[in-house]
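# Below is the sequence, then the predicted model.
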Amino acid sequence: MLAFHARAVADEPKPKPENIISVHLAEPVPPQKFERAPKLWITDVTDRSGNPQPMLVLKSRGGIFLDRQPTVIVREALEESLKSANLLATDANSADLMVRVYLFHFGLAEGSGLDFFGKVEFSTIVKNPKTGETSEVKATGTSIAKGAAKKKNVQKNVQDDLEESLKDATRNFLRGQQLKDAVATLWKAGEATPSAAAKSQ
Amino acid sequence: MRIWIGLMVLAQLTMGGYAVAKNEAPVFKTAEAKHFNGAEGVELSPAFYDYFYAELRNELKKSKLVNDVIGEGEAVDDADAEKSVIINGTVTEYKKGSAVKNALIGFGAGMRSLKLDADVQRRSDKQNLCGMHVHVKIAPNWNEKTMAKFAAQLIVKDMKKELGSQKK
């Protein structure tokens, strides 16, 4: 029993420089156009995936690990994209709407076995700090990449797959009808905080 | 001599196929694939529908039938709505199959089978542009998600056949 346990522990993949991948957006995702653009602030990104090893993307073939926590990657993707369209507030106090993100899935999901099925899924609570009203906005991103035989190609395909699904999820959130409706409901025209209005001018 | 003629014919066929593929212009501006529903009595996991949704989007991207494959629930400009479509559908039947029947009887007995109906609607006026009925059969020991892959390929192939010639 002890020998089997020791063997199982030895087979657990460990992060090494050669099996760590860096996932980030190649370029920011342009958000949809709002009639009157609010300033958003990402308050927090919470991991709700229940995955004990969120940085382990693939267990087989010696393992593939992420270089950062998925919550950090998702936060960076959202902030970069909001910033590119001048929708990111400079701080929490100047924000018109606060966004709290709950990450449900980041990584590979079970596919056909012939390819890699990347999936990023999160839900957000958009809140107007002045009124306290909230609205839920969900987003999902998927991507399918070719399978590979060589370890180097496996790593490259998994990285491309995750980057594509992250881009897809970010786009789904920023260009979604749900966000449009949430902004329209929570932040009506003329409700801008004095500091945000001054900054946008 | 025969080899040379064979090579020339092969080269012409390849170039012909390439020229046809290059001339293909997207028919629609955007396409939104929705998660399909299961009819009553269809026992498929939510993971199957997720994978099928991803495969359908992947096949649509590869088909070059549309300019942009958008995610579920994404907003589309009013100007583009007329040239945009929504793909919706239902899995009407799923049979798990039987490995024993397949091994003992053969000739297609005990195969895993999936039937689904799909509709392509124009986004602006919700007009039905085409309807498709797809039936996929695979060996009972194959992964059910392989069926999703084949079904997505068949839907996009049918879409191309029905709508590919229409220049919107």
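Looks like it came in fine.
# buried residues in whichever strand or helix holds residue B:136?
Using DSSP states H and E, residue B:136 maps to strand B:128-138. By neighbour count, with 16 or more other CB atoms under 10 Å in any protein chain shown as the criterion, the buried positions of strand B:128-138 are B:129, B:130, B:132, B:134, B:136, B:138. Where C-beta positions appear, they are placed from N, C-alpha and C, glycine not excepted.
# so what's the second one up against?
Just to be clear, that refers to residue B:130. Residues counted as contacts of residue B:130 (CB atoms under 8 Å, 6 or more residues apart in numbering or on different chains) are B:119, B:120, B:158, B:159, B:162, B:163.
# Can you verify the fifth one is assigned to a strand?
What it means is residue B:162. No: for residue B:162, which was evaluated using DSSP: H, G, I helix; E, B strand; the rest coil, the result is helix, with no strand membership.
# which non-adjacent residue is nearest it?
In this structure, residue B:162 finds its nearest non-sequential neighbour in residue B:130, 4.2 Å apart by CB to CB, 6 or more residues apart in numbering or on different chains.
# Could you pick out the residues of chain B near chain A for me?
Applying CB under 8 Å from any CB of the partner chain, we find that chain B lies next to chain A at B:47, B:50-51, B:53-55, B:57-58, B:70-75, B:143, B:145-146, B:148-149.
# Within the helices and strands, which one has the residue sitting nearest the centre point of chain A?
Taking CA atoms, centre = their mean as the criterion, residue A:74 is the residue nearest the geometric centre of chain A, at 2.8 Å. Following DSSP H and E, one finds residue A:74 within helix A:70-84.
# Tell me the helix or strand right after that helix.
Under the assignment DSSP H and E, the closest C-terminal helix or strand after helix A:70-84 is strand A:97-109.
# by contact count, what packs against the helix or strand just after that next one?
Moving toward the C-terminus from strand A:97-109, the next helix or strand (DSSP H and E) is strand A:115-127. On a contact count with 3 or more CB pairs under 8 Å, 6 or more residues apart in numbering or on different chains; DSSP states H and E, strand A:115-127 meets strand A:97-109, strand A:134-146, helix A:151-174, helix A:177-186, helix B:46-63.
# Return the members of the residues of chain B next to chain A classed as buried.
When those are checked for burial by 16+ other CB under 10 Å, the buried set is B:47, B:50-51, B:53-55, B:57-58, B:70-75, B:143, B:145-146, B:148-149.
# Leaving out the residues flanking it, which one is nearest to residue A:13?
With CB to CB, 6+ apart as the criterion, residue A:13 has its nearest non-adjacent residue at 2.4 Å, and that residue is residue A:63.
# tell me the contacts of that neighbour?
A:13, A:14, A:15, A:19, A:56.
# Filter those residues down to just the buried residues.
A:13, A:19, A:56.
# Tell me the span between the first and last residue of stretch B:122-134.
Looking at stretch B:122-134, the gap from its leading to its trailing residue is 21 Å under the measure CA to CA, to the nearest Å.
# pLDDT on that stretch, on average?
The average of the pLDDT scores along stretch B:122-134 is 93.
# got the contact list for the residue nearest to residue A:157 when sequence neighbours are not counted?
Closest residue in space to residue A:157, ignoring its immediate chain neighbours: residue A:145 at 4.5 Å, by CB to CB, 6+ apart. Contact analysis of residue A:145 by CB under 8 Å, 6+ apart lists A:115, A:116, A:118, A:157, A:158, A:160, A:161, A:164.
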